[in-house]
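1. mind looking at a prediction? Sequence and model below.
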Amino acid sequence: MLSRITQRQLEYFVASGDAGSIIGASERIHVSSPSISAAITHIESELGVQLFVRHHAQGVSLTAIGREVLIEAKRILEQMAQLYTIAAESMNNVRGPLRVGCFDSLAPVLTPELVFGFGRAFPGVRITHTEGNHEQLLRELRAANIDIALTYDLAVSSDIDFQPLAQLPPYVMVGENHPFANMSAVTMQDLANYPMVLLDVPWSREYFMGLFMQAGVTPNIIMRSGSMEVVRAMVANGVGFCIANVRPKVNISQDGKRLHRLRLAGTHKPMQLGYATVASVQSSLVVNAFAQRCRMFVSDQYIPGMAAPSYFDPQAVRAI
């Protein structure tokens, strides 16, 4: 069960059961209600049972099986806490250099909690951090200049081992004065009639263009940039819309203008966020420990530094 239900999902379930509502759990553990709702939905789907009776504005009540699962979930979390205690006692064994590469647009949101949080947990580790586009990161991996790369599943070859962690669906971003600003969702056909600002980096560029090709329309690209922050600023200033996958928690450009996120209607291939290593190289204890942290801290329900992924899937957000 634990391979399909994460510790974080169990924590969200327990918090909801104790609080008696999703909103109460959200306030208690400082996680968005949609993320908690999506986690509970996932657990119910995996176990094939209903854990809560939904009372809409009045919160939730545990079902009979839900009460039993809550007891077991608390026991599992206690056991996992004991494992962390044991691991903490052997922390001094995890030491040495760790060279992490991170995709440019992911770095501002991922690295503070995921990378440097690892450094705080293991003070004997010396972290070196590198940023670049997907091609650059793979080149650095093959040249043994970095040990592990946080990136996407873009053009990964047989010599690279890629481990997916979470899906990042595409969404549309517009400025507050854009005609789409008050809409909840738009189609690819809608976008074809408006100017676009393209994040122009290798393989990401091909991914975005592929979305239009699949829909049988051609984008009206009037501006390009290799920097996501420049793209966001252009969008906020009304130059055009953009399509993105990374979802910073703050919807404001660096020059202080507001941005709006819209769901991209239809079925579209998400980017897979994960970590890459060289397949033929045996990972060190430090790299393995960092990879384990990535698996524990990143999931479809929670990505460090990002807004809740379930924002893009209305079916995952129940009125609870």
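-> Perfect, thanks for sending it. Residues are numbered from 1 along each chain as shown.
2. all helices for the protein, in order.
-> Along the chain, counting by DSSP state H, helices occupy 7-19, 22-29, 33-47, 64-89, 107-110, 116-121, 134-142, 188-191, 204-215, 228-236, 285-297.
3. put the alpha carbons of the second one into CSV.
-> As requested, C-alpha coordinates have been extracted for helix 22-29 and formatted as CSV (Å, rounded to 0.1, in the frame of the first residue of the first chain):
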residue,chain,number,x,y,z
ILE,A,22,-11.2,19.8,4.8
ILE,A,23,-11.1,23.5,5.6
GLY,A,24,-10.2,22.8,9.3
ALA,A,25,-7.4,20.4,8.2
SER,A,26,-6.1,23.1,5.7
GLU,A,27,-5.9,25.7,8.4
ARG,A,28,-4.2,23.3,10.8
ILE,A,29,-1.5,21.9,8.4
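4. so how far is it off the chain centroid?
-> The gap between where helix 22-29 is centred and where its chain is centred comes out at 20 Å by CA atoms, centre = their mean, to the nearest Å.
5. buried set for that helix?
-> The neighbour-count check on helix 22-29 (16 or more other CB atoms under 10 Å) flags 22, 23, 24, 25, 26, 29 as buried. The way it works is simple: take the backbone N, C-alpha and C, and place the C-beta from them, glycine included.
6. would JSON lines of these with distance to residue 290 and pLDDT be doable?
-> Shown next, in JSON lines, are the buried residues of helix 22-29 (distance: CB to CB, whole Å; pLDDT from 0 to 100):
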{"residue": "22", "distance to residue 290": "32", "pLDDT": "88"}
{"residue": "23", "distance to residue 290": "35", "pLDDT": "87"}
{"residue": "24", "distance to residue 290": "34", "pLDDT": "86"}
{"residue": "25", "distance to residue 290": "30", "pLDDT": "88"}
{"residue": "26", "distance to residue 290": "29", "pLDDT": "86"}
{"residue": "29", "distance to residue 290": "25", "pLDDT": "83"}
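7. pick out the shakiest of the helices of the chain, pLDDT-wise.
-> Here the lowest mean pLDDT among the helices of the chain goes to helix 64-89, at a mean of 82.
8. just want the angle from that helix to helix 285-297.
-> 160 degrees (axes from the mean of the first three to the mean of the last three CA atoms, to 10 degrees).
9. ok, the closest residue to residue 189 other than its chain neighbours to residue 184 distance?
-> Using CB to CB, 6 or more residues apart in numbering and skipping residues adjacent in sequence, the residue nearest residue 189 is residue 217, 5.8 Å away. To residue 184, residue 217 is 21 Å away according to CB to CB, to the nearest Å.
10. which of the two has more neighbours?
-> Shown here are residue 217 and residue 184; by other CB atoms under 10 Å, residue 217 has more neighbours (16 against 10).
11. correct me, but the more buried one touches residue 190?
-> No: Residue 217 is not in contact with residue 190 according to CB atoms under 8 Å; the separation is 9.5 Å.
12. need the strands for the stretch 201-320 of the chain, in chain order.
-> Here the stretch 201-320 of the chain has its strands, by DSSP state E, counting those that start in this stretch, at 220-225, 242-244, 259-264, 271-278.
13. mind checking those for the one nearest to residue 62?
-> Residue 62 sits nearest to strand 259-264 of all the strands of the stretch 201-320 of the chain, at 31.6 Å, using CB to CB.
14. how many residues are close by residue 264?
-> The tally of other residues near residue 264 (other CB under 10 Å) stands at 21.
15. ugh, typo on my part, it should be residue 165
-> Residues contacting residue 165 under the criterion other CB under 10 Å number 19.
16. and residue 122, by the same measure?
-> When neighbours are counted by other CB under 10 Å, residue 122 comes out with 21.
17. just checking, it touches residue 289?
-> Yes: using CB under 8 Å, residue 122 makes contact with residue 289 at a distance of 6.8 Å.
18. which residues do the two both contact?
-> Listed contacts common to residue 122 and residue 289 are residue 94; contacts here mean CB atoms under 8 Å, 6 or more residues apart in numbering.
19. partner residues bridging the spatially closest residue to residue 242 that is not a sequence neighbour?
-> Closest residue to residue 242 apart from its sequence neighbours, by CB to CB, 6+ apart: residue 197 at 4.6 Å. On the basis of DSSP bridges, residue 197 is bridged to residue 223.
20. pLDDT score assigned to residue 197?
-> 97.
21. returning to that earlier point: can you list the strands of the stretch 201-320 of the chain in JSON lines and add distance to residue 116 and mean pLDDT?
-> Shown next, in JSON lines, are the strands of the stretch 201-320 of the chain (distance: least, CB to CB, whole Å; pLDDT from 0 to 100):
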{"stretch": "strand 220-225", "distance to residue 116": "27", "mean pLDDT": "96"}
{"stretch": "strand 242-244", "distance to residue 116": "24", "mean pLDDT": "96"}
{"stretch": "strand 259-264", "distance to residue 116": "26", "mean pLDDT": "94"}
{"stretch": "strand 271-278", "distance to residue 116": "16", "mean pLDDT": "95"}
